[in-house]
Structures are given as C-alpha cells and as structure tokens.
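Asks: kindly generate the corresponding structure for this input.
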Amino acid sequence: MAPRLDFSNWWAKDTRKGNPVVVTMENPNFSVVEIDGPDSAFRPVEKSRGKNAKQVTWVLLLKANRAVGCVAWLATVLWALLGAIKKRLIHRQGVTLASEKLGKGKLLFRVIRVFLVTALAMLAFEVVAYLQGWHYFNNPSLHIPKTSDLEGVLHMVYVAWLTFRADYIAPLIQALSKFCVLLFLIQSADRMVLCLGCLWIKYKKIKPRIVGDPFKSDDLEGSGYEFPMVLVQIPMCNEKEVYEQSISAVCQLDWPKDRILIQVLDDSDDESIQWLIKAEVTKWSQRGINIIYRHRLVRTGYKAGNLKSAMGCDYVKGYEFVAIFDADFQPNPDFLKQTVPHFKDNPELGLVQARWSFVNKDENLLTRLQNINLCFHFEVEQQVNGVFLNFFGFNGTAGVWRIKALEESGGWLERTTVEDMDIAVRAHLNGWKFIFLNDVKVLCEVPESYEAYRKQQHRWHSGPMQLFRLCLPAIITSKISVCKKANMILLFFLLRKLILPFYSFTLFCIILPLTMFVPEAELPVWVICYVPVFMSFLNILPAPKSFPFIVPYLLFENTMSVTKFNAMISGLFQLGSSYEWVVTKKAGRSSESDLLAVAEKDSKTMNQPQIYRGASESDLSELNQIKEQKEAAQVPVKKVNKIYRKELALAFLLLTASVRSLLSAQGVHFYFLLFQGVTFLLVGLDLIGEQMS
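Replies: Just a heads-up that it's a prediction; the model follows:
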C-alpha cells in the first residue's frame, strides 16, 4: 500500500497537540490561566494588550492632530491657488495677457480651444449617461439592445455614440498613440544608452588631459612664446544687469597682457547703457588691460552678425584662438590655462567647450527644474558625445575656438537664431574635432521668470529645426563617414530636437485626455506612469540634490512640451517666429565668493587713491555723471505677471479629462491628469517662477 502523501496538516493554522488543561487555584494571589496547548504559554504577547486607555487616547489624538494639520495645509494651498486664479484670471489684477503676435500661435490656441469645448460637451453627456446608468452598456458581457428597443432620444444618441467611437474614433487614436509610444520608447532607449556611456566614463575615469606642462613657470620672460595669442569676445545687447561683472571677470583672466585682447561687442540700442559699458571698458583700459569697445549702429544678424563683424577686423588676423563669453558669464582666472593647452599638438581640434555652473539654481522652483535639465545636458549628452564621437553642439559661450576652424567652416552665418549650433555642424562636416571639459565650470545664470524661460526655449527649439532644413543637403553630400551622418541626422536632429517635443505634446496633452472619453483606446499604465518616472529618474541622476523635485520635473517637462512643439513647428516650416530673437532677461546674480572678493577689493581701493592715466578732468566728470545716472536708474520695477491662454486651455482640458476618469474608476489616470492639469494651471497663471523654493 502506497504511503499517504497528505501534507495539509503541516500548514494548518489551528493545529492543536494534546488535550487542553484548565488549572484553577483557590489562592487569590495567583491568576487563573487557561492553557490551550503545550506551546500556548510560550507564544509572544501582543504589544497592544500592554497599553492602557490613556496611552491609546494620546496616540489617537496625535494621529488626529497630524491628519488635521495635513488637511489644513492642503486647504491653505488650495485656497491660495483659488485666490491666485480669482486675482489673475477673473479680475486681471497685476497681470497682462500674453499677446499672440503670430498666426501659428493663434492657430494652436484655436485647436486646443476646440478640443476643450468638445471635451466639456462630452463630459456633460457622459455625466448624464452615468447618472442614468447607461454606462453599463460598456460591459461586453451584457446584451446591448437595439436602438429601436430603447425609449428616449437621448438614450438612442448615447448608444449611437458608443458604436461610432468604437468603430471610427478609437482606431485613429490607437494608431496615433502606438506611433507616439514607439517614438517614446526609442527616445527612452537613447537616454538609457547615454546614461550607460556616462557611467562608463565615470568608471574608467575618461576625460581629456593635458600632456606635460605647456607653460614654463621657471622662466617667464623666455616662455612668452608658449602662450598663444588669444582673442576674447563678450557679445551683449542691453545687458544692463550683468555687463559689469562679466567684463570684470574676463579682465582678470590669468594670461600675459600682451598675448590677449578683449573685445566688448555691444549691440545695445539704449544710449544710457552704451555709456555705462563704455565707462566700464575705460576703467579697465586705464588699468592696463588690452580691451576694446565696439558698437554696431545697425543690429543685423543679431549675435551672429555681431561676432561676424568683430572677426572682420584687421587686427584679428594675428590671433590664433578666440574665447566667447555671453554677458552673464563669469569665467575663473585660470580658464584659458585650463582650455587653450588642449590645442597644443592636436591640429585637428577645433573647439574646447567648458561646462556651465549656475549661481541662481536654488532661487525658485523654476531655476531648480532648469538645473536638472542642464546638468543632464552637459554631464551626460555633451560629455558622452565628446568622448565617443568628438562632436556636440556648441553652446554659444564658455568655449574656445581655433580661428582657423571658424574660417575654414565659413565663419559666422546669420541664417538662423542658433548660430552656435550652425558653426558646430559645419565645422564637424569639415573634419574638425571637439572636446568637452566637464571639470571646467563657468558661472552664469538661468532665467528666473517663466516668461524669459519660455522665450529662450522657443529660440532653442525653433532654430535647430530651421537649421536642419538648411544643413540636410550638406550633411548628405559631406565626406564624413556614414555612421557620423546617421548620428547627426537621426540622433542629433530628429530624435533629440524633433521627436521629443512631438511625442511629449501629442501623447500627454492630446491623446491622454482623449482616451478618457474614448475608453477603447486606453493607454497602458506603464506608458503614463512607470516609464516616464524611470526616465525622469535617469535625467535627475547628474543632479542628485534635486531628487525631491522629480515629480514636479516630470509634470513641468510635459507642460513645456506645448512651447517646444509650437517652436519646433515654426522652425520646421520656416514660419516668422523662427527668426525671432529675444535677449534672455538677466537678474545680475553673483556668487558669495564673488561678492566677498568685490568687497575686499573695494576696501583696498578705499585706502589707495586710484589714478586714472590719460584721463582728463572732463572725462572723470563724465564718468561720475554716468555713475550717478546708473544709481538713479536703479528704481525697483513692479513685477507684472502674465497669463498664457494655451496653457490655461490645456489645463482645463486635462482637468475635464480627470473628472471623466473618475466615472470610469481609473485611479492612476485620474491622479496624473489632475496633477498635470494643476501644473498647466500654475504655468498658465505664471506662478511657477515665483518664490516656491
């Protein structure tokens, strides 16, 4: 007889061994114990049994206090948000409406408005159907009667709508969503490869190194030939807030004075600002710095025209390298000694790019989110492309060019608003190599207001698409390898400049709200939640201190896709806004070390009388008048917020879709749509750039 293989008693919950015994003691000093089994006396005693009523009451009171505090905080935030909406959206107090100057912006706003009106109508229709109980017809296991069997015109219309959306609308949305999801996965794979490349660089400690000592410190007079001739350019236009600190930082570069020339290229149309910049240049010139002030009467070509005009001077022919700094950049004194030596014994090297570092990255929520994006751009994208491909887009500033590479590549052209990317692409097609120095950082600013950031992003995303149309024939017919051509066309332009804003706007701002009203085309949770969070986690790795802002970063990037998509369309189809150049507004921030150095230097100059050689009394009086005008001009300007119609329309569209998701009990979709709609609302009311740190 086979043995019985019954293991059910092994994991039985209430298995008892032996007979229960009851021991009763007459002595009142002992307790009555009921032993239910041989092991019951050795079982752990529940911790809750040792608590008395007073302790339980205090614990409940503490929990209630926390709950009330949380609810009060949420109520305060909601009340403040409603107050801002009432103040800015209804009463228009202290706000101006963002003007849509161009037809394409109005067209996009009309499209979003049509979607919003349609969504509101569908939501009202769905609410009526839900209250009447008609939503049970969505269950495929139930019998859907024919329209002739139903009573009521509205009910018949609802059943017809169910059939129409399942047969005609859902397939279109599903096809578009699958296409966007495919682009989303391709872009996510690209980010993964870039992050793996960055980890490999960190693991192998790969970075450009200077071989030997390019400068002979023991004999300074004899080593003058070791220092090449360097031209430093500071292009600016009405940079009243930052001109002084940028000129001061560049004039303190540690380089022989007879081997360097500083050009201050001023395109300002305000005469008072011109005089202030002239006075600053005169001050440093009288201190022995080789500095020149240049001003153009006609501002053609914007920054590209300014640089092209400066490179056309006769004295530039004697210089070998040119370093470029925008008006808000403050290089360290050893910047040239850390960058220029890389050109030695490397004749194919055309560009050395340094990394940006931000003095105001913790100013508000907007600057924190920008810091995440830019840290990923420099430490991952620029560094990986520089190490493995010797090519990346020039950032327009904080870089040193070999003047020969600029001349052989055609020089600065005025055909796009991204002249830095234009010259980088043409130099790469001519065989020049680039180096990115991640450990050489230059202080600068990021925009502190949403309006300035919005205009900057419009230029950064419309220009590359315009450049792609112009450079595509040259890329195809160039003599570089097929792999480099594929990298430049597919990855550099299409994937990172076109596909990213397209799928982000289409998927999260159009398709996702529509799927709430067309459940047959529902997006999976991993597309809405898991993969975006994982990609945001990868993007935030270069800035680990920003991990608490991962959720606002994800929502804000989806919100900015509206501006980026609009800019991409305008650049791709050569619309008028692609040629628009707006100088990013600066705040004139300085780091704490800079402020201490300035204070120390001012204390020294107070003790030592300053002598201006070659300056007459009239010049000094003119400088004093300019300083007085500068001090008088520093009047606090009242901040005026703007409301943006496209963002507000999308906010109400997403909030409408979140209400619809409640009817279908889609929890993840509801929270995502709700938070995304609130983010659009904050941006539309221009609240994202305020003091929310």
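
Asks: go through the lengthiest strand in the chain and flag the buried ones.
Replies: Selection of the longest strand in the chain by residue count, based on DSSP state E, yields strand 433-444. Counting neighbours by 16 or more other Cβ atoms under 10 Å, one finds that the buried residues in strand 433-444 are 433, 434, 435, 436, 437, 438, 440, 441, 442, 443, 444. C-beta: built from backbone N, CA, C; applies to glycine.

Asks: ok and the strand or helix carrying residue 351 relative to strand 433-444, angle-wise?
Replies: Here residue 351 sits within strand 349-358, counting by DSSP states H and E. Using axes from the mean of the first three to the mean of the last three Cα atoms, to 10 degrees, the inter-axis angle of strand 349-358 relative to strand 433-444 is 20 degrees.

Asks: how far is strand 349-358 from where the chain is centred?
Replies: 19 Å (Cα atoms, centre = their mean, to the nearest Å).

Asks: past the longest strand of the chain, which element shows up next along the chain?
Replies: With DSSP H and E setting the assignment, the helix or strand that follows strand 433-444 is helix 450-477.

Asks: which helices and strands does that following helix pack with?
Replies: In terms of contacts (3 or more Cβ pairs under 8 Å, 6 or more residues apart in numbering; DSSP states H and E), helix 450-477 is packed against helix 365-376, helix 419-429, helix 550-572.

Asks: a markdown table for the ones you listed, including mean neighbour count, distance to residue 121 and mean pLDDT?
Replies: Written out in a markdown table, the entries for these read as follows (neighbours: other Cβ atoms under 10 Å; distance: least, Cβ to Cβ, whole Å; pLDDT from 0 to 100):
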| stretch | mean neighbour count | distance to residue 121 | mean pLDDT |
| --- | --- | --- | --- |
| helix 365-376 | 22 | 35 | 93 |
| helix 419-429 | 24 | 44 | 95 |
| helix 550-572 | 23 | 23 | 90 |
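
Asks: minimum distance to residue 122: which of these has it?
Replies: Between residue 122 and the helices and strands packed on helix 450-477, the shortest separation by Cβ to Cβ is 21.7 Å, and it involves helix 550-572.

Asks: centre of the chain versus the closest one, how much separation?
Replies: Between the centre of helix 550-572 and the centre of its host chain there is 9 Å, according to Cα atoms, centre = their mean.

Asks: stretch 202-214 too?
Replies: The chain centroid and the centroid of stretch 202-214 are separated by 30 Å under Cα atoms, centre = their mean.

Asks: got any ranges where the stretch 301-450 of the chain has weak pLDDT?
Replies: Residues of the stretch 301-450 of the chain that meet the criterion pLDDT under 70 are absent altogether.

Asks: contacts only, for the residue lying closest to residue 445 once chain neighbours are set aside.
Replies: Across the structure, with Cβ to Cβ, 6 or more residues apart in numbering as the measure, the residue nearest residue 445 apart from its sequence neighbours is residue 328 (4.7 Å). Contacts of residue 328 were listed using Cβ atoms under 8 Å, 6 or more residues apart in numbering, and they are 239, 242, 246, 444, 445, 586, 588.

Asks: mind running it again at 10 Å?
Replies: In this structure, residue 328 makes contact with 236, 239, 241-243, 245-246, 359, 397, 443-446, 584, 586-589, judged by Cβ atoms under 10 Å, 6 or more residues apart in numbering.

Asks: just the ones of these in helices?
Replies: When helices are assigned by DSSP state H, the members of the contacts of residue 328 inside them are 243, 245, 246.

Asks: among these, name the buried ones.
Replies: The neighbour-count test (16+ other Cβ under 10 Å) marks 243, 245, 246 as buried among those.

Asks: separation between residue 331 and residue 59?
Replies: When distance is defined by Cβ to Cβ, to the nearest Å, residue 331 is 59 Å away from residue 59.

Asks: do residue 562 as well
Replies: Computed with Cβ to Cβ, the distance linking residue 562 and residue 59 is 48 Å.

Asks: ok, now residue 333?
Replies: 61 Å.

Asks: looking at the protein, which helix or strand is least sure?
Replies: For the chain, scoring each helix and strand by mean pLDDT, DSSP states H and E identifies helix 592-607 as the least confident one, at a mean of 45.

Asks: mind splitting this structure into its structural domains?
Replies: Structural domains assigned to the chain are 150-200+503-583+642-685, 230-446, following the TED database.

Asks: how about the strands in the protein?
Replies: For the chain, the strands defined by DSSP E cover 21-23, 33-35, 95-97, 230-236, 260-266, 291-295, 321-324, 349-358, 399-402, 433-444, 641-643.

Asks: quick one: distance of the longest one to the chain centre.
Replies: In this view, strand 433-444 has its centroid 19 Å away from the chain centroid, taken as Cα atoms, centre = their mean.

Asks: just the local confidence number for residue 250, please.
Replies: What the model reports for residue 250 is a pLDDT of 96.

Asks: then residue 15?
Replies: According to the model, residue 15 scores 46 on pLDDT.

Asks: quick one on the thing from earlier: could you dump the helices and strands packed on helix 450-477 into CSV and include distance to residue 79?
Replies: Formatted as CSV, the entries for the helices and strands packed on helix 450-477 read as follows, by distance: least, Cβ to Cβ, whole Å:
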stretch, distance to residue 79
helix 365-376, 20
helix 419-429, 46
helix 550-572, 20
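
Asks: so which of those is nearest residue 450?
Replies: For the helices and strands packed on helix 450-477, distance to residue 450 was read as Cβ to Cβ. The smallest value, 6.2 Å, belongs to helix 365-376.

Asks: so that closest one versus helix 450-477, what angle?
Replies: For helix 365-376 against helix 450-477, the angle by the same axes, to 10 degrees is 20 degrees.

Asks: and helix 365-376, what does it pack against?
Replies: Secondary-structure packing of helix 365-376 (3 or more Cβ pairs under 10 Å, 6 or more residues apart in numbering; DSSP states H and E): helix 170-204, strand 349-358, helix 450-477, helix 531-540, helix 550-572.

Asks: distance check, residue 328 against residue 480.
Replies: Using Cβ to Cβ, one obtains 35 Å as the distance from residue 328 to residue 480.

Asks: what's the neighbour count on residue 459?
Replies: 22 (other Cβ atoms under 10 Å).

Asks: can you give me the helices in the stretch 201-350 of the chain?
Replies: Counting by DSSP state H, counting those that start in this stretch, the stretch 201-350 of the chain has helices at residues 243-251, 271-285, 302-311, 335-339.

Asks: columns distance to residue 355 on top of the ones you listed, output as CSV?
Replies: What follows is those, written out as CSV (distance: least, Cβ to Cβ, whole Å):
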stretch, distance to residue 355
helix 243-251, 16
helix 271-285, 26
helix 302-311, 21
helix 335-339, 11
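
Asks: quick one, which of the ones you listed is nearest to residue 409?
Replies: Taking these one by one with Cβ to Cβ, helix 302-311 is closest: 12.2 Å.

Asks: just checking, what packs against the closest one?
Replies: So helix 302-311, by 3+ Cβ pairs under 10 Å, 6+ apart, packs with strand 230-236, strand 260-266, strand 291-295, strand 321-324, helix 403-408, helix 419-429.
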